[in-house]
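Enquirer: sequence and predicted structure below; questions after.
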Amino acid sequence: MTTHSLTKFSRIALDLQPPVARITLDRPPLNIIDIPMMEELAEALSEIEVRLEVSILIISSSQKAFSAGVDVAAHTPDKVEQMLAKFHGVIRALVSSKKVSIAAVHGNCLGGGAELAMVCDLAYTSELATWGFPEIKLGCYPPVAVTALAALVGQKHAADLVLTGRGITGKEAASIGLANSVVPEVDLEHAVQGAVHHLSHLSPAALAITKKAIYAWDAIHFDKGLARAEKVYFDELMKTEDAQEGINAFLEKRPPVWKGK
């Protein structure tokens, strides 16, 4: 007999219906990822990881966006190190998880939200979703994307998305390999359940070990690359006047005035 349990946090919900665990992002209206949400995600992922009866993890949203990204207010000099440590802790937990992870994306999937989706094993997107890494517009960069996006979509697509900060549709995201497939929004859950149906008939042990083998090479580079990207972020980027200006301009709702230093 399978057990079904639903745990409501303040910003997410964790629904356990073995072999599936679902984390639902639920911070109205746009699922901005603040530090408390990062802590809840870390707690939920820890709980899922020790459950042998769970082999599949779905990350989805109950709001009108998957996630519009990490809270810009958490990028200020007094908070940025704690923010990145906690957010990258979530990313590392997702990357190293033995569970097969599936992102179900609709609405805005931007910045840290897009990083969360891109490190899932599988991603299904609605055609009207907006994906993007707009950090450059704030005078910053997305450390997870600069580390791992090129391995997913190729160097030129990664450079385009990260350097321009432009948004792309779910259709384009699927066409460049950022998502497995694109469907009308009404069919998104059906697409996810199709993947779940396939995976739920397979050996959880084999899935976990095969997942480890698939990423064996990338995992070595991801760990080193993300640590390097973090170091450059703190030691170089955060010391520029432009990075401070970009964050301040966003918070003050005005256009940034770049100095190039």
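Expert: Thanks, I have the structure now.

Enquirer: residue 83 sits in which helix or strand?
Expert: Using DSSP states H and E, residue 83 maps to helix 80-96.

Enquirer: can you name every helix or strand that that helix contacts?
Expert: Here helix 80-96 touches helix 35-49, helix 112-118, helix 143-153, helix 216-235, going by 3 or more Cβ pairs under 8 Å, 6 or more residues apart in numbering; DSSP states H and E. Bear in mind the C-beta positions are built from the backbone N, C-alpha and C, glycine included.

Enquirer: could I get the full set of strands for the stretch 51-200 of the chain?
Expert: 56-61, 100-105, 108-110, 122-126, 130-132, 167-169, 181-183 (DSSP state E, counting those that start in this stretch).

Enquirer: which residues of this structure score low on pLDDT?
Expert: Within the chain, the stretches with pLDDT under 70 are 1-2.

Enquirer: rewinding a little: quick one: which of the strands of the stretch 51-200 of the chain is nearest residue 248?
Expert: Comparing these by their distance to residue 248 (Cβ to Cβ), the top pick is strand 108-110, with 19.9 Å.

Enquirer: which residues does the spatially most central residue of the chain contact?
Expert: Centroid check for the chain by Cα atoms, centre = their mean gives residue 116 as the closest residue, at 0.8 Å. Contact analysis of residue 116 by Cβ atoms under 8 Å, 6 or more residues apart in numbering lists 33, 59, 67, 90-91, 94, 103.

Enquirer: quick one: the closest residue to residue 218 other than its chain neighbours and residue 185, what's the gap?
Expert: Distances taken as Cβ to Cβ, 6 or more residues apart in numbering put residue 151 closest to residue 218, at 5.8 Å, once the chain neighbours are dropped. Distance, residue 151 to residue 185, by Cβ to Cβ, to the nearest Å: 28 Å.

Enquirer: ok, so what distance separates the residue nearest to the centre of the chain from residue 108?
Expert: Counting by Cβ to Cβ, the gap from residue 116 to residue 108 is 12 Å.

Enquirer: overlap of the contact sets of these two?
Expert: With Cβ under 8 Å, 6+ apart as the test, residue 116 and residue 108 both reach residue 67.

Enquirer: what about the closest residue to residue 141 other than its chain neighbours, how many residues nearby?
Expert: Nearest residue to residue 141, sequence neighbours excluded (Cβ to Cβ, 6+ apart): residue 135, at 5.3 Å. By other Cβ atoms under 10 Å, the residues close to residue 135 number 25.

Enquirer: surely residue 135 and residue 144 touch.
Expert: No: look at residue 135 against residue 144 with Cβ atoms under 8 Å: they stay out of range, at 10.6 Å.
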